[in-house]
Each structure stands twice: as C-alpha cells, then as structure tokens.
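# sequence plus predicted model, see below.
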Amino acid sequence: MSRYRPPRRRGSTYITAQGAAALREELHRLWKVERPVVTSAVHEAAKNGDRSENGDYIYGKRRLREIDSRVRFLNRRLDELEVVDRPPQDTGKIYFGAQVTLEDAEGAEHHWRIVGPDEFDLASGRLSMDSPMARALLGRTLDDEIVVRSPAGEKLYYVTAISYHFT
C-alpha cells in the first residue's frame, strides 16, 4: 500500500483578525508552553535506560513530532494568510466576513458568518467561505433567493439580513 496522497486543494487565504489571533496564540502555546514540557518529559524518560520498551519516551517522541508538524504548518499558513479587518465598500452584498441571516422554505432562520477555512465552526455559526453554502451566498444581496445543492438534495433559502462587524 502506497503512502502517496494526491495534493489537496488549497483553502482560501483570507482570515479574520480574530482567526489570525487564535492561530498565533495556538502557535505560541505549542512552541513556548507545550513543547518544553514534552521535551523535558522525553529527556527524563530517556534517562531510564532501554528506550525500546519505555512508553513515556515513545509517546513523548510521538507527541513532539505532532507538535513540530503543527508548528511548521502554522508558521507556513500564517505567512500566506491575508487578514481582512474591514468591511467591503458595498455592504449591501455578501462578501467575506459578512454576518448573514437566511430563512429556509419552512420559515426557520439560520445565522451564519462567512469566515476563512482555518476558523470555521458550524456549531458557533462560522461558515467557511470555501463551503458550498458560502459559495452560493457570495455576491448575493438582500432578498435574494439561493439554492444550495447538497447530497441530501437542493435547499432553498432567502437572504433576510446582511451585516458586517469587524473589531
């Protein structure tokens, strides 16, 4: 079995100021707080002799590799991201950072904020701009009708509110 994986499509490079701050905080926590603790634990475990059967050493080294991998990713990703910290000139259309209220065919309201792929969280209403729903919303205006195609079928939504809140 091959370890080859086809390259993934790169996500959008936009991020909100809050999302960039969260990534920087994660990078700082991993590099300055967590990594020194794990390094110390691995060093102590290495003193115990035979490393081939030393669980603390083996799992500590594995955790170090995970931390180092994530740190490399965060450093590269933060370098290529573009922080969007102000609303667009035309606030009547849906663009990155918009807070959108949608109404479905049954009359239920849905609230979404369109954010970058590094900060989406559906449970808290943050929708990745690369998702099918966000792609259907981008460029739309108030009272537009939107059809979103999903594996479950097509869903119809109406845009009832658009706002921008950058801090």
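Good, I have the coordinates.
# elements contacting the lengthiest helix in the chain?
Looking across the chain with DSSP state H, the single longest helix is helix 55-80. Packed against helix 55-80 by the contact rule (3 or more CB pairs under 8 Å, 6 or more residues apart in numbering; DSSP states H and E) you find helix 17-28, helix 35-46. C-beta coordinates here come from the backbone N, C-alpha and C atoms, glycine included.
# mind listing what's buried in the last one?
Counting neighbours by 16 or more other CB atoms under 10 Å, one finds that the buried residues in helix 35-46 are Arg35, Val38, Ala41, Val42, Ala45.
# for the third one, give me its contacts.
Read it as Ala41. Neighbouring residues of Ala41 by CB atoms under 8 Å, 6 or more residues apart in numbering: Asp56, Gly60.
# which positions in stretch 99-109 come out as buried?
Neighbour counts over stretch 99-109 (16+ other CB under 10 Å) mark Gln99, Val100, Thr101, Leu102 as buried.
# return the closest of those residues with respect to Ser128.
Nearest to Ser128 among the buried residues of stretch 99-109, counting by CB to CB, is Val100 at 13.5 Å.
# quick check: closest non-adjacent residue to that closest one.
Trp112 (5.1 Å; CB to CB, 6 or more residues apart in numbering).
# likewise for Arg140?
Counting by CB to CB, 6+ apart, the residue nearest Arg140 is Ile94, at 5.0 Å.
# which residues are in contact with Val100?
Residues near Val100 by CB under 8 Å, 6+ apart: Ile94, His111, Trp112, Arg113, Ile114, Leu137, Val159, Ala161, Ile162.
# find the residue at the geometric middle of this structure.
For the chain, the residue nearest the mean C-alpha position is Asp118 (2.2 Å; CA atoms, centre = their mean).
# check the offset of whichever strand in the chain runs longest from the chain's centre.
When the chain is parsed with DSSP state E, its longest strand is strand 153-164. Counting by CA atoms, centre = their mean, to the nearest Å, strand 153-164 is centred 22 Å from the centre of its parent chain.
# kind regards, and thank you for your time.
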